[in-house]
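Peer 1: have a look at this prediction, sequence included:
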Amino acid sequence: MKPFRTIAFDIGANLGFAIAVNGVIVRSGTYNAKYSDEPWPRALLRLEKWLWDNIGDAHSNYTNHIVYEEGLAHSPGAVYAAHSHGKILGIIMVLSACMNSPIYGYKTSTVKKVFSGKGNANKLEMCGRAHCLGWKSGRVGTDKDNDEADACAIIFTHHHKLGLATSFYNREDNDNGSQKEDRRA
């Protein structure tokens, strides 16, 4: 049987991502999906290349599930954020289709409720919960790297729905590497 891999995305201009293999989060980080002065077509091509180079390259060796947090209902003043979410999600859906992998979206309140026990948890509470569970990135007591913590929370939510246990890979027991990965193309 192929290993089971879950790939999670917290969609935004600062794209949080996490990858779990057989229930263990082995890699997480952020990716700057859109530079302020960059046209969207160029940003989306750069994102697609990064996804294939870093996530989709070994798809034949795994059974994959791709998961993401659904966009919030945006106010009229936040139309740009909603459009950005849709564009980035479109590229992730292409990756999913090319990998023949199912894709699952979870409401923000569901992710927060499953992960923290509170459906309206703020960024600081989500990061705090991630640290309590073994997340090594960010800075304890802050919401630094909250997009990465949210991607990890999305994996916990998906695995909870599947009845699977989830944990963080403890690199300190195995090497001196950092779990944090910030990839920029």
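Peer 2: On my side now, so go ahead.

Peer 1: where along the protein do the helices fall?
Peer 2: Under the criterion DSSP state H, the chain contains helices at 40-51, 79-98, 108-116, 123-132, 146-162.

Peer 1: mean pLDDT for those: which is lowest?
Peer 2: Of all the helices of the chain, mean pLDDT reaches its minimum on helix 79-98 (a mean of 88).

Peer 1: now render the helices of the chain as TSV, adding distance to residue 6 and mean neighbour count.
Peer 2: Every residue, glycine included, has its C-beta placed from N, CA and C. Listed next are these as TSV, based on distance: least, Cβ to Cβ, whole Å; neighbours: other Cβ atoms under 10 Å:
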stretch	distance to residue 6	mean neighbour count
helix 40-51	15	16
helix 79-98	12	16
helix 108-116	13	20
helix 123-132	16	19
helix 146-162	5	24
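
Peer 1: to residue 8, which of those helices lies closest?
Peer 2: Across the helices of the chain, residue 8 has its closest neighbour in helix 146-162 (4.0 Å, Cβ to Cβ).

Peer 1: got CSV for the helices of the chain, with distance to residue 17 too?
Peer 2: CSV is the format used below for the helices of the chain (distance: least, Cβ to Cβ, whole Å):
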stretch, distance to residue 17
helix 40-51, 9
helix 79-98, 10
helix 108-116, 15
helix 123-132, 14
helix 146-162, 5
